[in-house]
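Participant: Sequence plus predicted model, see below.
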Amino acid sequence: MRRRMRIFAALILALSSAASGPSTAQSGIPDWLAAHVGTGEGQIAQVVLERARGLYQERVRRREVRNPCYMAMDATKPGGSGRYYIICEQQQVFRAVSSGHGNGRKLQKANFSNGRQCARNFSNAEGSNLTMGGEYVTAETRTSFKGYVRQSGKLTPFQRTFLLFDGRGETANARERAIGGHQAVFVKWQCRVKMPGSPFADDEGYVPYGTLVDYTGGRSNGCTTWSGETTREILRLVEKSPTTLYIYPEGRDIDAVAKAVKARASVSGAGLYWNSACLREIGAPRFWPKRQLQPVINRWRRSLPKSEPRELPICQ
């Protein structure tokens, strides 16, 4: 039995050499950046950095990107930790900030929901509300009105800017899924206020009113979410200058780690990477391919009863 386990671990290692990558010296990572490589808080795992750098350098060579900075995310790390990275090699800037992960769904036919701290499920199915690892390039922004909130004693319209991502390969349907990045905040509607002079008023002159809910570092509908300060920084960074974003893990990484866990082999010993704290919490990750999960989501949607949209009460 032990011999079979060693053989299996060796096979996993051979198949996943791309996941582990060479040493920082071999991969050409500059010394100042190599100092940030690791699996601790505020550090970036080597495989995440190497793939992010590779994507960025490829797009620069193809003259698709000219931004001096690029971004990466390690979705295997716990929520609230520094798992989203902004890297500017020319200026020797490395920042690790928090970011949300997809919350998924719990359906009768399939449970692909995620906890607040650690993501177990991943998919590129539309409507899955899950994170999908792989290659992205930032695109245009869209700003939309979310409702009125009370700030400094007066009603103020809150608008949230959404940064679209374009993907490739498993992430090619990013636009179809409305995947991008935005501030981790929404307006929880409570009632309607009469404000006919507002450009956001409906046909009867009402606007929605509510309270701001901040979920920085928590779960999202599959988008990448940041704090207000980080959102403003990223939007300034990519304005009129697209750059790359690499999100780890991809489907191949998830499947390889799941196989290693099932065989009770050491993940790191097999040349694979997953954040150890989250791996202990989730047991084993799962990748739901679009071809498998999309029909389940579509059937669930068709089964939902049709109902009239609810009308907000008038504020008292």
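Facilitator: It's in.
Participant: Relative to Gln151, how far out is Tyr215?
Facilitator: Relative to Gln151, Tyr215 is positioned 19 Å away (criterion: C-beta to C-beta, to the nearest Å). C-beta: built from backbone N, CA, C; applies to glycine.
Participant: out of the two, which sits in the busier spot?
Facilitator: Tyr215 (16 against 11; other C-beta atoms under 10 Å).
Participant: Arg83 versus the closest residue to the more buried one other than its chain neighbours, what's the distance?
Facilitator: Nearest residue to Tyr215, sequence neighbours excluded (C-beta to C-beta, 6 or more residues apart in numbering): Ala184, at 4.9 Å. As judged by C-beta to C-beta, Ala184 and Arg83 stand 13 Å apart.
Participant: Comparing those two, which residue is more hemmed in?
Facilitator: Counted by other C-beta under 10 Å, Ala184 and Arg83 do not tie: Arg83 has more neighbours, with 28 against 25.
Participant: May I have the residues that are in contact with that one?
Facilitator: Contacts here follow C-beta atoms under 8 Å, 6 or more residues apart in numbering; on that basis Arg83 touches 73-75, 77, 96, 98-99.
Participant: let's see it at 7 Å
Facilitator: Arg83 is in contact with 73-74, 77, 98-99, counting by C-beta atoms under 7 Å, 6 or more residues apart in numbering.
Participant: Determine the three-state secondary structure at the residue nearest to Gly115 when sequence neighbours are not counted.
Facilitator: Leaving aside its chain neighbours, Gly115 sits nearest to Glu281 (7.2 Å; criterion: C-beta to C-beta, 6+ apart). Following DSSP: H, G, I helix; E, B strand; the rest coil, Glu281 is assigned to helix.
Participant: per-residue confidence at Glu281?
Facilitator: What the model reports for Glu281 is a pLDDT of 96.
Participant: Count residues in the vicinity of it, would you?
Facilitator: By other C-beta under 10 Å, neighbour count at Glu281 equals 13.
Participant: Please apply the same query to Leu33.
Facilitator: Neighbour tally, Leu33, other C-beta under 10 Å: 17.
Participant: Cross-check the contact I'm expecting between Glu126 and Arg175.
Facilitator: No - taking contacts as C-beta atoms under 7 Å, Glu126 lies outside contact range of Arg175: 10.4 Å.
Participant: And the two? Which one has more around it.
Facilitator: Between Glu126 and Arg175, counting by other C-beta under 10 Å, Glu126 is the more crowded of the two (17 against 13).
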